[in-house]
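Visitor: Turn this into a structure:
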Amino acid sequence: MSAISEEAWRITLTVILEELDEPQYKKMLLFLSEIPKRVKTKSREEMPQSIIEHYGVETSIHRINEVMDQIPRKDAAVQDRLRPFVDKLKNTQQKTGKKRKRSETVLKSVDRKDEAGGQKSCEPDETAGPERPKKKKSRNRSLTPTRAKKTPKVSTVSEKEWKKALSAVLGKLTNSQYDEMLTFLKIPKQKKTAKFKEQLPQKIIERYGVETSIRKIKEALDRIPRRDEVVQKHLRPLLDKLKNKQKKGKRKSCQPDKTGTMKRKKKKAESRDPSLQSTQTAETPRAASASRLQDSDPSEPAELKLEEPDSALSLNGATKTPKGQRAPVQTGRIKIKAVTATKKTNTHLVVTVKRQLKELFVKTRLLAEALSCQMDESVEARIRDALPISAEAKMEGKRIIEIKKI
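Guide: Residues are numbered from 1 along each chain as shown. As a prediction, this is how the structure comes out:
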């Protein structure tokens, strides 16, 4: 019998399903492939009972937890209701695992005693006197170290507070910066209606969760770039809270073991997250493209793929090609989505070619001429304001040798 109340889980599951919009609900049913199609036609009110009947209480908690990560719905409206049941499930699994280990050790010890007793009975000792009862060693429990109970990880940042700050940040972006933000976050572009802009902060939090979405927005603002105080004043307090949480985690990880020595636990990948570094540091184009590849959402249809950055591509535009070989020249229509770096000689771009995202570079003078811009200090801002740019281009490997705006 499960230690988790079926009635409590059914009520909670009903509330969780009510939080899903229609596309998210259909995606959930698609992931629950073990349930027959005829059962999936039932109403939302009947579906929680059908899920529990099909999987059982504990397995249904595990499957729903997986599905919410895949949809994704990592916001507090879903996770705060789901987390207590996931934690209970982990605790019950740990207890059952310990009981099995204890029973196995008891059986082994009994077998050893039987073997030892059989050997001794064959060789009786006539000189041995009556056996003395062994004194039980009393253990002073006050001296034995107690293990600290693990508390569930709860975000230190309020979702309501972050949603308000995120709305303020998005409101300060220009149209081209807004589009670049959506491209980085892998959110499909739609008509920029008032309703879409109002719902966008909640969609971002649902996709990434509170803490991860803060880091993603930080990375996007560094790349656009928007490091001015108008935007950063909304983001900085929340980044500081994440930094403080990580520092507390490091202190707790240093605990004395039974011998009294200090053992440091393995550092988590989050503590080395570059998104929490100073706002003055900027990502290189290669590191930025790598982060986009790693943060890709498995539940999102892979319509656009970013090619692996060429190791021969450098910021100064020089390419290392084998002697006697040249990259093939291709001609076609491209769409410039974002600018990763701009220098006096070359500008590095993220473009779509035949529905694939690629990183190319072009001479800044050549791109400025195509946009009818003058080569001065404001050329980078003018290029960014013109995004997205549709053009006909002639490409040689990673280099654009000719470009004409259309």
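
Visitor: is it true that Met375 touches Lys363?
Guide: No: at 10.5 Å, Met375 does not count as touching Lys363 under the criterion of CB atoms under 8 Å. (Each C-beta comes from the backbone N, C-alpha and C, glycine too.)

Visitor: So if I had to pick from these two, which one is more boxed in?
Guide: The neighbour comparison of Met375 against Lys363 (other CB atoms under 10 Å) goes to Lys363, with 17 against 11.

Visitor: Spatially, what comes nearest to that one if we skip its sequence neighbours?
Guide: Leaving aside its chain neighbours, Lys363 sits nearest to Asn346 (6.0 Å; criterion: CB to CB, 6 or more residues apart in numbering).

Visitor: So the one you found sits against Leu366, correct?
Guide: No: between Asn346 and Leu366 there is no contact, the gap being 9.5 Å when judged by CB under 8 Å.

Visitor: Compare the two (neighbour count), which wins?
Guide: The residue with more neighbours, out of Asn346 and Leu366, is Asn346; 22 against 14, by other CB under 10 Å.

Visitor: Could I get the phi/psi values of the more buried one?
Guide: For Asn346, the backbone dihedrals (degrees, to the nearest 10) come out as phi -130, psi 150.

Visitor: same thing with Thr212?
Guide: Thr212 has phi and psi values of phi -70, psi -40 when expressed as degrees, to the nearest 10.

Visitor: residues touching it, list them.
Guide: Lys74 (CB atoms under 8 Å, 6 or more residues apart in numbering).

Visitor: Quick check: pLDDT value at it.
Guide: Per-residue confidence (pLDDT) for Thr212: 89.

Visitor: domain parsing for the chain?
Guide: Following automatic domain parsing, one gets these domains for the chain: 1-113, 159-249, 329-405.

Visitor: Show the average pLDDT along the helix or strand encompassing Gln93.
Guide: Take DSSP states H and E as the rule and Gln93 turns out to sit in helix 76-122. Averaging pLDDT along helix 76-122 yields 71.

Visitor: same deal with stretch 371-381?
Guide: Mean predicted lDDT for stretch 371-381 stands at 78.

Visitor: which of the residues in it are buried?
Guide: By neighbour count with 16 or more other CB atoms under 10 Å, stretch 371-381 contains the buried residues Cys373, Val379, Glu380.

Visitor: ok, of the residues you listed, which one's closest to Glu229?
Guide: Each of the buried residues of stretch 371-381 was checked against Glu229 using CB to CB; the closest is Glu380, at 20.0 Å.

Visitor: and Val350, helix, strand or coil?
Guide: Counting by DSSP: H, G, I helix; E, B strand; the rest coil, the backbone at Val350 sits in strand.

Visitor: Just give the nearest non-adjacent residue to it, would you?
Guide: Nearest non-adjacent residue to Val350 (CB to CB, 6+ apart): Ala338, at 4.3 Å.

Visitor: the helices in this structure, which residues?
Guide: Along the chain, counting by DSSP state H, helices occupy 6-19, 22-31, 37-40, 47-55, 57-70, 76-122, 159-171, 175-184, 194-208, 210-223, 229-253, 285-294, 364-370, 379-385.

Visitor: Dig out what Leu357 forms beta bridges with.
Guide: Counting by DSSP bridges, Leu357 forms beta bridges with Leu306, Thr352.

Visitor: can you start the count at 12 instead of 1 from here on
Guide: Okay, using 12 as the starting number, the last item reads as Leu368.

Visitor: Settle this for me: it is touching Val361, isn't it.
Guide: Yes: assessed by CB under 8 Å, Leu368 is found in contact with Val361 at 6.1 Å.

Visitor: Which one's more surrounded, those two?
Guide: Using other CB under 10 Å as the criterion, Leu368 and Val361 rank with Val361 on top: 24 against 19.

Visitor: Distance of that one relative to Ala352?
Guide: As judged by CB to CB, to the nearest Å, Val361 and Ala352 stand 11 Å apart.

Visitor: what does Glu240 give?
Guide: According to CB to CB, Glu240 and Ala352 sit 23 Å apart.

Visitor: Which one's more surrounded, the two?
Guide: Taking other CB under 10 Å, Glu240 and Ala352 do not tie; Ala352 has more neighbours (17 against 8).

Visitor: For that one, report the pLDDT, please.
Guide: pLDDT recorded at Ala352 is 79.

Visitor: Next: the one 10 residues further on.
Guide: Val362 carries a pLDDT value of 88.

Visitor: which intervals of the stretch 162-311 of the chain have sub-threshold pLDDT?
Guide: 162-167, 260-311 (pLDDT under 70).

Visitor: again, only using 50
Guide: By pLDDT under 50, the weakly predicted segments of the stretch 162-311 of the chain are 162-166, 268-311.

Visitor: What number of residues are in the vicinity of the closest residue in space to Gln201 that isn't next to it in sequence?
Guide: Closest residue to Gln201 apart from its sequence neighbours, by CB to CB, 6+ apart: Phe207 at 5.3 Å. Around Phe207 there are 12 other residues, counting by other CB under 10 Å.

Visitor: Mind listing what's buried along the longest strand that the chain contains?
Guide: As assigned by DSSP state E, the longest strand anywhere in the chain is strand 340-353. For strand 340-353, the neighbour count (16+ other CB under 10 Å) marks Ile345, Ile347, Lys348, Ala349, Val350, Thr351, Ala352, Thr353 as buried.
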